[in-house]
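Asks: A predicted structure for the sequence below; I have some questions about it.
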Amino acid sequence: MKKKDIDVDIRRLEVKQFAMLDFPDEEVVSLVENIHVSSDYKNRLIVVIVSAEYSYKEKKCLIIDVANYYTINEKCWNEISKSNSIAVTLPKSFMSWLIEVSVNNTRGVLSAKTEHTKFDKFILPLIAPGAIKAKALAIKKSMQ
């Protein structure tokens, strides 16, 4: 199965956390970015949370966490889940692409939230195609 074989829709974006704190005196700011992925078999749901924290001399300047909610099309889900009743495994290529889309969505949210402020120069850097090396995601069926 390839990423083009999986029909996915973005359901919503949710800003989990956003804070513009102390603006740095200098332009040298460090960025720490984290990605967290979760899933829900019953609802065909994948959630990718992109977190970014900008800091200057170990003091936080700006924090953003955006949850990206995706659902797999029901027809597609039925097709990929029928061969295995315990879990559905989404391939690495699909997950890498979904993470790239999520980072791009977060970049847009960051731009909108900082527009017309002194923080509008804070950006999420572009990601080179193929730079994200995600693992395959196994979405396990609940055994209740």
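Replies: Nice, I can see it. Numbering: from 1, shown residues only.
Asks: Please report phi then psi for the residue lying farthest from the centre of the chain.
Replies: Distance from the C-alpha centroid of the chain peaks at residue 25, with 30.2 Å (C-alpha atoms, centre = their mean). The phi/psi pair for residue 25 (degrees, to the nearest 10) reads phi -80, psi -20.
Asks: Look at the closest residue to it other than its chain neighbours and say how many residues are nearby.
Replies: Closest residue in space to residue 25, ignoring its immediate chain neighbours: residue 56 at 7.6 Å, by C-beta to C-beta, 6 or more residues apart in numbering. Using the backbone N, CA and C atoms, a C-beta is placed for each residue, glycine as well. By the criterion of other C-beta atoms under 10 Å, residue 56 has 18 neighbours.
Asks: Check whether residue 56 really touches residue 29, as I assumed.
Replies: Yes: between residue 56 and residue 29 there is a contact at 5.1 Å, judged by C-beta atoms under 8 Å.
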